[in-house]
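Novice: Predicted model, plus sequence, below.
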Number of protein chains: 2
Amino acid sequence: MAEFVYDVRDLKFILNEWLDMEEVFNLDRFKDNYESDDVDFILNEVYKIAKEVVFPINKEGDEIGVKFDNGKVSVPPSYVEAYKFLQENGWGTANESLASDTIMPLTLYRAYNEMIMAASPALASYIKLTTGAANLIHRFGTDKDRELFIDKMLSGEWSGTMCLTEPNAGSDVGDSTTRAYPTDDPRIYKIKGTKMFITGGEVDLSDNIIHMVLARPEGGAPGSKGLGLYIVPKIWVNDDGSLGEPNDVTCIAVEHKMGLKASATTMLSFGENDNCRGILVGSPPDSNGVSKGLAMMFNMMNESRIGTGHNALAQMAAAFYFAGRYATERIQGRPFTNPKIGRVPIIKHEDVKRMLLEMKAQVEAIRAMIFKGFYYLDIAEHSSDKEKAARCKGLAEILTPLIKTYSSETAWAMVGQAIQVYGGVGYTEEYPVSQYARDVKILSIWEGTSFIHAMDLVGRKMRMQDGQPFENWLQDRKDFIEKHKGTEGFSTEFNNLEKAYQSVATIKEIYASYYANKDEKGALIPLYAPKVLTCCAQLFSGEAILEQALVAARKITELGTEHHDYNYYAGKIAAARYFANNILPNVVMQAQLIRNADQSPIVCPEEALYIS
Amino acid sequence: MAEFVYDVRDLKFILNEWLDMEEVFNLDRFKDNYESDDVDFILNEVYKIAKEVVFPINKEGDEIGVKFDNGKVSVPPSYVEAYKFLQENGWGTANESLASDTIMPLTLYRAYNEMIMAASPALASYIKLTTGAANLIHRFGTDKDRELFIDKMLSGEWSGTMCLTEPNAGSDVGDSTTRAYPTDDPRIYKIKGTKMFITGGEVDLSDNIIHMVLARPEGGAPGSKGLGLYIVPKIWVNDDGSLGEPNDVTCIAVEHKMGLKASATTMLSFGENDNCRGILVGSPPDSNGVSKGLAMMFNMMNESRIGTGHNALAQMAAAFYFAGRYATERIQGRPFTNPKIGRVPIIKHEDVKRMLLEMKAQVEAIRAMIFKGFYYLDIAEHSSDKEKAARCKGLAEILTPLIKTYSSETAWAMVGQAIQVYGGVGYTEEYPVSQYARDVKILSIWEGTSFIHAMDLVGRKMRMQDGQPFENWLQDRKDFIEKHKGTEGFSTEFNNLEKAYQSVATIKEIYASYYANKDEKGALIPLYAPKVLTCCAQLFSGEAILEQALVAARKITELGTEHHDYNYYAGKIAAARYFANNILPNVVMQAQLIRNADQSPIVCPEEALYIS
């Protein structure tokens, strides 16, 4: 089996040389626990764990998958061991949870977690869901809820889930039919309904599973605003914290998926015997039947949506690193420009270099975008400078749909390209890239489809607070270009970046006019929203990697070409140039298409789009 | 299980309303056997078979795959039945083989075969390989070879393979190490070596397997020019046609692939006991050690490479049709432009329509390109007008790499999009689209990788015969534009087509200058070859679907908007507009990138492209 390799150097660059991590480590929440000097140790340690503990189980998880027997779901024993290893050794839920005393900055947590996601996306999914559930209870639960649930979840003894989707309510969660019936205890409701696509809804990793369930209380308004949020433990937790009776939550099916096979995707039935109890989070419905369940869940969503994009990035990065390594080992053919040297490792072929550099450019540009997002979230959540925190919150909210969607959509193309580098063997399961292709595809669907995020961008993020955060975001792009466009050796790249910026600025105007004239132009809003998202994402990630390249260029000047890090810095510059010169022009073209506003999908008869 | 649906209407349009099939049916080779009136019957009949016989086994083949036991490979029994059904009922090898008295025009054969490939790509692979092997024997074998092998292969009683790849010789087949040793009989050689990735190299579908094997005879020159071609039956065939002894061909492994699981991908060992006999095809090596083995094999390659692109098209088309059908059934959400009408089938959402129309545009444009290719091949192979035949041969040769590569690369993106239309359930194996994603990926690799075809285009096809065929090809594009650009209602589309044409004409000049100045510009040739291919393919397929749209527009004028075919024709026009207005601008941008000639992949240190 191929050894797991990962670009820990690029993660260190981000934290040590690029982002202003001093600012992050100096935030009150972190300053007693973490400092810059911890970065290399943590990353080195987890890289070792990813290689030795996590990646070795990844293929087995794919081959064996989860077993579903009489309502019980089990993962391969190696998954139970690895899950416990991570949680018990301090690499799990506690580092990311707001409830934890020793919470890490997201920038730091996510840097090491990226390697765990890359080494086994299925394993990482369980840790992530538990964090999400714990954060919800921490933020919106009562003291009693926190006392009962949080510690056990932070330690990994209990895991957690998020239960939104139902068979007939997927993208449109407002159509949920799961109900919550009041009991004599105002805190306790009886839950009844079916939820599907619940990751880890039943699995033998932990002693209890804490489900965070959206359901409509009696008297709740229709649509998403009527949904409440309930804590539904798989096994009831008594007031003294001890485990009580099983809580009438039944796993009735497990999905057979094309990938992520060791991640249990379950269908859960709540209250089959009318005996499923849930603890209300927040207030009961107001006099209009309005609850805040979905709003509470979405409050946690920025991080988990950026996390989904990050998951996609980790997988495409791993596929790239495997492909690069294989390209140094596989001997085949002679280079076009110098056939006389005979057979060479395929990395010496011009086209293989191009494919690898394209993957590198996408991986590093998207990673740069994502870590800017985590940086904004760290400041937004923890800074005492309220103005700065608010500004960063806005910027993170704008980045969220870009990261979620651009990363997950690009991953499908890039993992396909990693298979292409391998050639025929890449199509076999003897090599790891085909599994990444199968594992990664879901990420453009879950946590909101690509289209939902495109609409979130054009309909909400570009327009919230009278468009001020988006103005700030655009202004940051402009300022960066103004400040650096004279940098020697980068004029072509900045020229391309500036054109991309102007294109996005134009798109903003176009979309404002659509909203101002919705009766006539309304159909164009959803039609071109995905292109708007791609343009914004490519602009931002292109800028981010270019900013990194400027750092790299200074380092080369400082350290010289003989320094052991020279290749890393030169590669960063090449990747940034590739992105600026080959990918950013796409922004200009897409903006032109948006301006042209071809309406063929609207005009086309629906009946021509399917076979009857 | 979802019912198999396919756009048989579009296939009928191609053969009845678009291509000049009278010309094809009037060719001497076909005129006594087929006529236009057969088209609908044949397509209807095979559509029924695809639904009832072929598609029902597709999922089982995926789940069970092939079994490998003690050197024997078996497919699920349903595959044996379906294979026999097709061969015995006249839908198999005989219709495509040059050796057959009742060979169909490729245009006709391929139209019905597309539905079989779409319904079970794995099953179709066995039929295709048998045809390829039979055609090789027919064209280059002796009368005796033909007498011994052809009839049994045409009937499907024996199957066939092509054995090129070896563990250390994939893309560079010239590095093959399989050897052929002369015996006392000048016709017979002893074969020794290992071949891998041999589709159907061992399988229980037929009584015998006829391997067409590339091997280097003693005294053969190094590289591809030294390779000879040998007929190696799995079971020796005696001079009277009866089966003799097993021929020392052993299946030593079967690949575990991400898809196409019912298609046996085998590793074969020839002559483990020094007792494997092969029959020489063509002449022994000349005094310079040159054999024509590879040239003979490549002689058959245009058709099988176009066939590979066609296979990709069939799969992406099937994924599209399933997604379209599902979009009419799945109720979710409210349309953005008219939320008050309540929950709707998702096909009514603007973005779902856009995704479906994009798939439709790519599918129908690529299909149009492919059928032009088959049309050219029919004329090239069978026309008595030698000049026209030669011209069509040149055009088919130019289209070959475009079809093979553009179709297979686009399929990965479009099948991914089909999964996206389904949402979460598309990621499960309960619905057919995830299998198409897994089945289709190999097609950008086998029969030559995408890069090999890109180099075939820029290095051979654009330059052969002093560039005359490529000039002809460009002239055809120009003539079409000149002739039709004034068509009312299509000025935007023709404007985009003309810009794309001009871009490709510029690319031709740029590449000519690279070849003229190879010392300085040589590295740019392989670097931008894939983009050149994409541009040529999008130009050609964009034109082809636009040509179809002109026919459709005339039909609407003729038949009116109430005619039952109105939606089909209106859909064709919408698809053509989508392609012209949203995909053709990509040609202009790519051409600009080629002109800009960013060299970052050349400049980037190799060491920056992998993790050591």
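Specialist: Cool, the structure landed.
Novice: All the helices of the stretch 401-550 of chain A, residue numbers only.
Specialist: Taking DSSP state H, counting those that start in this stretch as the criterion, the stretch 401-550 of chain A carries its helices at A:433-440, A:450-455, A:468-484, A:491-516, A:518-521, A:524-559.
Novice: buried stuff in the shortest one?
Specialist: It stands for helix A:518-521. Residues A:Lys521 are the ones in helix A:518-521 that count as buried (16 or more other C-beta atoms under 10 Å in any protein chain shown). Placement of C-beta: from N, CA and C, glycine included.
Novice: ok, residues contacting it?
Specialist: A:513-514, A:525 (C-beta atoms under 8 Å, 6 or more residues apart in numbering or on different chains).
Novice: next one: stretch A:273-287
Specialist: Counting by C-beta under 8 Å, 6+ apart, residues outside stretch A:273-287 touching it are A:136-137, A:140-141, A:145, A:180, A:182-183, A:186-192, A:212-213, A:215, A:217, A:219-221, A:226, A:228-232, A:236, A:247-249, A:270, A:291-293, A:296.
Novice: ok so, going back, please list only the buried members of the contacts of helix A:518-521.
Specialist: A:514, A:525.
Novice: didn't A:Val8 look like it was pressed against A:Glu114?
Specialist: No. A:Val8 lies out of contact with A:Glu114 (C-beta atoms under 8 Å); the separation is 9.7 Å.
Novice: interface residues of the stretch 501-612 of chain A facing chain B?
Specialist: For the stretch 501-612 of chain A, the contact set with chain B under C-beta under 8 Å from any C-beta of the partner chain comprises A:522-523, A:525-527, A:529-530, A:566-568, A:570-572, A:574-575, A:577-578, A:581-582, A:585-586, A:588-589, A:592-593, A:596, A:598, A:600-611.
Novice: averaged over its residues, what pLDDT does stretch A:188-201 have?
Specialist: Mean pLDDT, stretch A:188-201: 97.
Novice: Please see if that stretch touches chain B.
Specialist: Yes. Counting by C-beta under 8 Å from any C-beta, chain B has neighbours in stretch A:188-201: A:Phe197.
Novice: For that stretch, which residues meet the burial criterion?
Specialist: Buried residues in stretch A:188-201 (16+ other C-beta under 10 Å): A:189-201.
Novice: Kindly report the same for stretch A:169-179.
Specialist: Those buried within stretch A:169-179 under the rule 16+ other C-beta under 10 Å are A:169-176, A:178-179.
Novice: Just those residues: which are in helices?
Specialist: Nothing among the buried residues of stretch A:169-179 maps onto helices, per DSSP state H.
Novice: overlap between the residues you listed and the residues near chain B?
Specialist: Near chain B, judged by C-beta under 8 Å from any C-beta, the entries from these are A:169-172, A:175.
Novice: Please tabulate those residues in a markdown table, including the columns pLDDT.
Specialist: Listed next are those as a markdown table, based on pLDDT from 0 to 100:
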| residue | pLDDT |
| --- | --- |
| A:Ala169 | 89 |
| A:Gly170 | 86 |
| A:Ser171 | 86 |
| A:Asp172 | 90 |
| A:Asp175 | 91 |
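Novice: Return the member of these nearest to B:His349.
Specialist: For these, the minimum distance to B:His349 (C-beta to C-beta) is 9.2 Å, reached by A:Ser171.
Novice: returning to what we had before: in PyMOL, select just the buried ones from the contacts of stretch A:273-287.
Specialist: In PyMOL, selecting the buried portion of those, with burial taken from 16+ other C-beta under 10 Å, looks like this:
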select buried, chain A and resi 136+137+140+141+145+180+189+190+191+192+212+213+215+217+220+221+226+228+229+230+231+232+236+247+248+249+270+291+292+293+296
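Novice: Which ones among the contacts of stretch A:273-287 lie within strands?
Specialist: Those of the contacts of stretch A:273-287 mapping onto strands are A:180, A:182, A:188-192, A:212-213, A:215, A:217, A:228-232, A:236, A:249, A:270, per DSSP state E.
Novice: and the residue of the stretch 251-400 of chain A at minimum distance from chain B, what element?
Specialist: Proximity of the stretch 251-400 of chain A to chain B (C-beta to the nearest C-beta) peaks at A:Gly324, 3.4 Å away. Per DSSP states H and E: A:Gly324 is located in helix A:301-329.
Novice: between the ones next to chain B among the buried residues of stretch A:169-179, which is nearest chain B?
Specialist: A:Asp172 (4.0 Å).
Novice: Roughly how far does the closest one sit from A:Met212?
Specialist: Using C-beta to C-beta, to the nearest Å, A:Asp172 is found at 19 Å from A:Met212.
Novice: circling back to that earlier point, so can I have CSV of the helices of the stretch 401-550 of chain A showing mean pLDDT?
Specialist: Output for those, formatted as CSV (pLDDT from 0 to 100):
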stretch, mean pLDDT
helix A:433-440, 98
helix A:450-455, 97
helix A:468-484, 98
helix A:491-516, 98
helix A:518-521, 95
helix A:524-559, 98
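Novice: Quick check: which of those is buried the most?
Specialist: Compared across these, helix A:433-440 shows the largest average neighbour count, a mean of 27 (mean count of other C-beta atoms under 10 Å in any protein chain shown).
Novice: A:Gly423 reaches B:Ile445, doesn't it?
Specialist: Yes. Applying C-beta under 8 Å as the test, A:Gly423 and B:Ile445 come out as touching, 5.6 Å apart.
Novice: mind giving me a markdown table with the buried residues of stretch A:188-201 and columns for distance to A:Lys499?
Specialist: Shown next, in a markdown table, are the buried residues of stretch A:188-201 (distance: C-beta to C-beta, whole Å):
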| residue | distance to A:Lys499 |
| --- | --- |
| A:Tyr189 | 56 |
| A:Lys190 | 59 |
| A:Ile191 | 54 |
| A:Lys192 | 56 |
| A:Gly193 | 51 |
| A:Thr194 | 51 |
| A:Lys195 | 47 |
| A:Met196 | 45 |
| A:Phe197 | 41 |
| A:Ile198 | 45 |
| A:Thr199 | 41 |
| A:Gly200 | 45 |
| A:Gly201 | 48 |
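Novice: Show me the two of the residues you listed that sit farthest apart.
Specialist: Greatest spacing in the buried residues of stretch A:188-201, by C-beta to C-beta: A:Lys190 and A:Thr199 (24.7 Å).
Novice: Specify which member of the contacts of helix A:518-521 is nearest to chain B.
Specialist: A:Ile525 (6.6 Å).
Novice: Got the domain ranges for chain A?
Specialist: A:8-140, A:160-292, A:300-445, A:449-596 (automatic domain parsing).
Novice: and the first one, what's its mean pLDDT?
Specialist: So that's domain A:8-140. Domain A:8-140 shows a mean pLDDT of 96.
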